[in-house]
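Undergrad: can't give you the sequence, but here's the structure:
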Ligand SMILES: NC(=O)c1ccc[n+]([C@@H]2O[C@H](COP(=O)([O-])OP(=O)(O)OC[C@H]3O[C@@H](n4cnc5c(N)ncnc54)[C@H](OP(=O)(O)O)[C@@H]3O)[C@@H](O)[C@H]2O)c1
């Protein structure tokens, strides 16, 4: 499958690219072509050194990445979602878009800060052209743990979406990452509950001097 990661030059985009590149073609999207190319080179080197494998990862502008992909991961900070979608809008047709976006703010501790419509996912849905299927996932997975392929993840990934087929595609993509388990959490509207768990995890880590927390349902 061809997966474009918009903002794939960043923390969690890198982790997803490194993990998925073992099974998929990865396109690193960026606002800057040169940054995308250099980052793709870096990820290829990391994988060659850690897994001893040559992988298909290349870089391009966000809009071009969208044009070529079956699945698109929106992996930019919440404040930049609108501009990122606007630059890619024309190339969005019938692909699956995965939102991993968590709107949060620091006010002493970290707080969930959703838009008026309830969640980042619901806002993103309202911006996407008809025919594009939005699935919400990966909000509670640590970027650092994903990027380090020696780390055993052993976490659950909650998936929210209104299209059953698209949800299943994303479940499979979660399973493609060793020791991640997909769990369907409900329709896209449930995404607010899942997104809001991320600032909770960050606060738990800070107050208890822990690192890179995730969630496992037992
Ligand atoms: N970090 C985590 O552990 C984690 C976990 C779960 C979910 N998330 C969510 O994943 C998303 C990405 O998080 P991150 O930590 O990877 O973010 P990040 O590293 O801070 O940024 C990701 C990318 O966003 C792009 N970007 C920065 N400023 C921009 C702007 N003004 N306009 C458009 N694009 C811009 C940059 O790509 P270019 O400069 O190459 O364009 C950057 O590499 C966020 O929504 C976050 O809530 C993060």
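TA: Looks like it came in fine. No experiment lies behind these values; they were computed from the predicted model shown.

Undergrad: contacts, neighbours, all on C-alpha from now
TA: OK.

Undergrad: what values do phi and psi take at residue 187?
TA: Here is the backbone geometry of residue 187 (degrees, to the nearest 10): phi -70, psi 170.

Undergrad: ignore what I typed, I meant residue 29.
TA: Dihedral angles (degrees, to the nearest 10) for residue 29: phi -100, psi 140.

Undergrad: what about it, neighbour count?
TA: By the measure other CA atoms under 10 Å, the count of residues near residue 29 is 33.

Undergrad: surely it and residue 67 touch.
TA: No. In this structure residue 29 lies outside contact range of residue 67 using CA atoms under 8 Å: 10.9 Å.

Undergrad: ok, residues contacting stretch 7-26?
TA: The list of residues contacting stretch 7-26 from outside it, by CA atoms under 8 Å, 6 or more residues apart in numbering, reads 1-6, 28-31, 35-36, 39, 43, 47, 53, 55-58, 62, 74-76, 142-149, 173, 176-177.

Undergrad: okay, now residue 124: neighbour count?
TA: 18.

Undergrad: which stretches of this structure form strands?
TA: Under the criterion DSSP state E, the chain carries strands at the ranges 2-6, 25-30, 57-61, 71-74, 96-99, 104-107, 109-112, 133-136, 155-161, 180-186.

Undergrad: let's have those strands in CSV, adding mean pLDDT and distance to the ligand.
TA: Shown next, in CSV, are the strands of the chain (pLDDT from 0 to 100; distance: least, CA to the nearest ligand atom, whole Å):
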stretch, mean pLDDT, distance to the ligand
strand 2-6, 98, 7
strand 25-30, 98, 4
strand 57-61, 97, 8
strand 71-74, 98, 7
strand 96-99, 98, 8
strand 104-107, 96, 7
strand 109-112, 98, 10
strand 133-136, 98, 10
strand 155-161, 98, 11
strand 180-186, 98, 14
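
Undergrad: kindly reformat these as TSV containing distance to residue 213.
TA: Listed next are the strands of the chain as TSV, based on distance: least, CA to CA, whole Å:
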stretch	distance to residue 213
strand 2-6	23
strand 25-30	26
strand 57-61	28
strand 71-74	22
strand 96-99	20
strand 104-107	17
strand 109-112	15
strand 133-136	19
strand 155-161	9
strand 180-186	14
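
Undergrad: out of these, which gets nearest to residue 205?
TA: Set against residue 205 and scored by CA to CA, the strands of the chain come closest in strand 109-112, at 11.1 Å.

Undergrad: what comes up buried for that closest one?
TA: Neighbour-count burial for strand 109-112, counted by 16 or more other CA atoms under 10 Å, picks out 110, 111, 112.

Undergrad: and the second one, what does it touch?
TA: Contact partners of residue 111, counting by CA under 8 Å, 6+ apart, are 104, 105, 196, 199, 200.

Undergrad: likewise for the last one?
TA: With contacts defined as CA under 8 Å, 6+ apart, the neighbours of residue 112 are 102, 103, 104, 105, 195, 196, 198, 199.

Undergrad: can you put these in a markdown table and add neighbour count?
TA: Listed next are the contacts of residue 112 as a markdown table, based on neighbours: other CA atoms under 10 Å:
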| residue | neighbour count |
| --- | --- |
| 102 | 28 |
| 103 | 20 |
| 104 | 18 |
| 105 | 13 |
| 195 | 27 |
| 196 | 20 |
| 198 | 24 |
| 199 | 21 |
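
Undergrad: what about this protein, any weak spots by pLDDT?
TA: Nowhere does the chain drop to pLDDT under 70.

Undergrad: how close does the spatially most central residue of it get to residue 38?
TA: Closest to where the C-alpha atoms of the chain average out (CA atoms, centre = their mean) is residue 100, at 4.2 Å. According to CA to CA, to the nearest Å, residue 100 stands 24 Å off from residue 38.
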